[in-house]
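Visitor: Curious how this folds, go ahead:
(one chain, ligands or ions: 3)
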Amino acid sequence: MKKYYIKTFGCQMNVYDSHRIAVILENLGFKPATSLPDADLVIFNTCHIREKAAEKVFSDLGRLNLIKEERAASGKDTIIGLVGCVVQAEDQQIAKRSPFVDFALGPLTYHRIPEILAQISRKKGITLIDTEFPAESKFDYLPENKSEGGCSFLAIQEGCNNFCTYCVVPYTRGIETSRPVEEIIKEAKLLVEGGSVELNLLGQNVNSYHGEDADGKERNLAYLLRRLNEIDGLKRIRYTTSYPADVNDELIACHRDLPKLMPYLHLPIQSGSDSILKAMNRRHTSGQYLEIIDKLREANPSLGFSSDFIVGFPGETDSDFEATLDVVKKVKYIQAFSFKYSRRAGTPAALMPNQVEEKVKKERLEILQNLLFSYQLKFNKESIGKIMPVLFEIKGRHKGQLIGRTPYMQNLHAELGKEYLNKIVNMRVTEATTNSLTGIKEGE
Ligand code: SAH
Ligand code: SF4
Ligand code: F3S
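Guide: Numbering: from 1, shown residues only. Ligands and ions are numbered 1, 2, ... in the order given. Here you go, the predicted structure:
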């Protein structure tokens, strides 16, 4: 029996894609391997967003080749596949840098894995690469999705037309496409029947969703959320990642009206400075962003926000950076992701003058993160004593411990038996740190 191992880098969309690849492989008769050296087929699902992410793929590949050689010495073949955004961006480099890779497919062509595996058995020693943006949708060719447990991702939209000047995504994932409404509803029902009580709708620019309904009419994310809210057995809905300029009143109303929609929204601003936002080609100012946050809070006062930030974008001055800190102080994010600007070949910002020194980027990142962490810790501390419904998703490090998520995406650790896995349990929060909560089952 052949075994597979998938290593996933990057964002939630890659996690979703890896899961769908696992379903393809299991349909072909593969079983999951418990460790890398145990696998006959290893797939790296890669990320190109920052230089570090992309370089890590190549260094990990070097290590993987040693395993391939060791296995070969004991007579075992290993097929190495590369999928994801690095493949799309660096298809010319792969065979040169890592000639031991057997196949490479972009994020839009991984549905071709079965035919590629059949070809490999005939063409040993050649890297088969397919990174054409295909005319067909991979979703029409993938086997039916399977539930991953209590919480499942569901891709509804892919690609991006925003072309932020620092970002590779429009080049790696292509132009924006939306899956049809009924296809999504069907997949959602399948996942819920398979045991998922929470669905996290994914898209690089998820709130510009514009899929067709059964009558060929274009529908938006608000419509889709209302349809999903009606699915019996589904308890929680989330969506990520939204683009601020595409948040409309109908979507805001969903946060007021839909009980299943969780009170947590990831809404990246990137920078608080209007001149930097303009240089980033973002279609919003910081003022417009704050207005959207106000409207959302008015619709649902219990909403908590998170964001992505980039420090050290070309030309960023001390006062631009101060403007970012001001936004953080106003919004008081309950979670956030922040990065030093990374120069990506092929993007307009890579060629901009006034690139910021590494030392300055490092200092700004530290200041920003300290501020962000202070609000995150404050929010977590305020959770102490509260009772929260927690969806337990994984086992903890020691026996008898489970880890779950609160409605606000906080990790909560608890001493609970595995019968509570994939269930929503009311928990009283007893302790809090910046990164996690501890709780006990309500009534115990
Ligand atoms: N719209 C997508 C963006 C995916 S990239 C989404 O929001 O999911 C995730 C984050 O990576 C971006 O929001 C941005 O903060 C960061 N990022 C993208 N390109 C970057 C670069 N060149 N350097 C540093 N951070 C970057
Ligand atoms: Fe990248 Fe901007 Fe599109 Fe997000 S919105 S994927 S940051 S180009
Ligand atoms: Fe990375 Fe591609 Fe996601 S570049 S962040 S894996 S869309």
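Visitor: from here on, contacts and neighbour counts on C-alpha atoms
Guide: Fine.
Visitor: need the contact list for residue 130.
Guide: Each residue near residue 130 by C-alpha atoms under 8 Å, 6 or more residues apart in numbering is listed here: 104-106, 109.
Visitor: Please flag which of the residues you listed sit within strands.
Guide: Members of the contacts of residue 130 lying in strands (criterion: DSSP state E): 104-105.
Visitor: buried set for stretch 247-254?
Guide: 247, 251-254 (16 or more other C-alpha atoms under 10 Å).
Visitor: what sits up against it?
Guide: By C-alpha under 8 Å, 6+ apart, the list of residues contacting stretch 247-254 from outside reads 207, 221-222, 225-226, 261, 292, 295-296, 299.
Visitor: 6 Å instead, please
Guide: Contacting residues not belonging to stretch 247-254 are listed as 222, 296 [C-alpha atoms under 6 Å, 6 or more residues apart in numbering].
Visitor: Pull it out as PDB, backbone CA atoms only.
Guide: Only the C-alpha atoms of stretch 247-254 are listed here, as PDB (Å, rounded to 0.1, in the frame of the first residue of the first chain):
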ATOM      1  CA  VAL A 247     -17.400  45.800   2.500                       C
ATOM      2  CA  ASN A 248     -21.000  46.800   1.500                       C
ATOM      3  CA  ASP A 249     -24.100  47.600   3.600                       C
ATOM      4  CA  GLU A 250     -25.700  44.200   2.900                       C
ATOM      5  CA  LEU A 251     -22.600  42.500   4.300                       C
ATOM      6  CA  ILE A 252     -22.700  44.800   7.400                       C
ATOM      7  CA  ALA A 253     -26.400  43.800   7.900                       C
ATOM      8  CA  CYS A 254     -25.400  40.100   8.000                       C
END
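Visitor: Quick one: mean pLDDT for that stretch?
Guide: The average pLDDT for stretch 247-254 rounds to 98.
Visitor: That stretch: how far from the chain's middle?
Guide: 22 Å (C-alpha atoms, centre = their mean, to the nearest Å).
Visitor: Tell me the residues of this structure that contact ligand 3?
Guide: Contact residues, the chain versus ligand 3 (C-alpha under 6 Å from any ligand atom): 10-11, 13-14, 47-49, 85, 169.
Visitor: at 5 Å instead, please
Guide: Residues of the chain lying close to ligand 3 by C-alpha under 5 Å from any ligand atom are 10-11, 47-49, 85.
Visitor: Which member of those residues is positioned nearest ligand 1?
Guide: Ranked by distance to ligand 1 (C-alpha to the nearest ligand atom), the residues of the chain next to ligand 3 are led by residue 49 at 5.3 Å.
Visitor: Give the phi and psi angles for that closest one, as a check.
Guide: Per-residue torsions, residue 49: phi -60, psi -40 (degrees, to the nearest 10).
Visitor: and the gap between residue 350 and residue 86?
Guide: Separation of residue 350 from residue 86 (C-alpha to C-alpha, to the nearest Å): 18 Å.
Visitor: so does the lengthiest helix in the chain get close to ligand 1?
Guide: If you go by DSSP state H, the chain has its longest helix at helix 358-382. No. Figure legend: helix 358-382 not in contact with ligand 1 (C-alpha under 5 Å from any ligand atom); closest approach 10.8 Å.
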